[in-house]
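> Fold the following.
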Amino acid sequence: MSNKMDAGKNTARLGDFMCFAIYSTNLAYSRVYKPVLEELGLTYPQYVAIVCLWEEEMQTVKSLSEKLFLEPSTITPMLKRLEAMGYVRRERDTEDERSVRVSLTEAGRQLREKAFDYRAVTAKAAGLSPDEFRVLQKAIVNLRTNLMNAAGQ
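Take a look at the predicted model:
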């Protein structure tokens, strides 16, 4: 009997892992977003950085990296590429020379109208009602917060 119980413990399948469900869902989401981002000429991290700047301009690189869960060493090259594309401007903070502030250019602001049209595309692809979507999003954010806390971050 003990062998049967021990065997049952080892029957977990890939589909039983929450981490895989989240990982594979992220891949599926990326496939839906791909044509949208290609039309905008952006990668997903670039897109979310711009969305973050739509919410609040003149953020520091440090605050952007924290909000996007990216290291400053990762976000800096991305911001340089966005600057070269004409979407953002980076300037040294006048009060703290060690900090760099990022703001949108007019071209970066104009992306907003085009990008917001695509929210309906991804919402439709999810196949959820607006209420289901909000509940799921809240649960995922709660899960992320709990995992970050457990990881000591």
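> Tell me how many other residues surround residue 145.
Residues lying near residue 145 (other CB atoms under 10 Å) number 10. From N, CA and C alone the C-beta is placed, and that goes for glycine too.
> got the contact list for it?
Contacts of residue 145 were listed using CB atoms under 8 Å, 6 or more residues apart in numbering, and none were found.
> Pretty sure it sits in a helix.
Yes: Residue 145: assigned to a helix according to DSSP: H, G, I helix; E, B strand; the rest coil.
> Poorly predicted segments of the chain, please.
Where the chain drops to pLDDT under 70, the residues are 1-9.
> Following the helix or strand where residue 64 lies in sequence, what is the next regular element?
In the assignment (DSSP states H and E), residue 64 maps to helix 61-68. Note on helix 61-68: by DSSP H and E, the next helix or strand toward the C-terminus is helix 72-84.
> Okay, angle between that following helix and helix 61-68 too, please.
Taking axes from the mean of the first three to the mean of the last three CA atoms, to 10 degrees, helix 72-84 and helix 61-68 form an angle of 100 degrees between their directions.
> which residue packs closest to the most centrally placed residue in the chain, ignoring adjacent ones?
Centre of the chain computed as the mean C-alpha position; nearest residue by CA atoms, centre = their mean is residue 48, 5.6 Å away. Nearest residue to residue 48 in three dimensions, chain neighbours excluded: residue 68, at 5.9 Å (CB to CB, 6 or more residues apart in numbering).
> So that neighbour is in contact with residue 52, correct?
Yes: contact criterion CB atoms under 8 Å: residue 68 and residue 52 qualify, at 6.4 Å.
> so what are the domain limits for this structure?
18-117, 126-153 (automatic domain parsing).
> Residue 12 is nearest to which of the ones you listed?
domain 18-117 (10.5 Å; CB to CB).
> measure that closest one end to end?
31 Å (CA to CA, to the nearest Å).
> Same check on stretch 55-67?
Stretch 55-67 end-to-end distance (CA to CA) = 11 Å.
> for that stretch, which positions count as buried?
Using 16 or more other CB atoms under 10 Å as the test for burial, stretch 55-67 gives 59, 60, 61, 64, 65.
> what's the spacing between that stretch and its chain's center?
Relative to the chain's own centre, stretch 55-67 is displaced by 14 Å; criterion: CA atoms, centre = their mean, to the nearest Å.
> Repeat that for stretch 27-46.
With CA atoms, centre = their mean, you get 11 Å for stretch 27-46.
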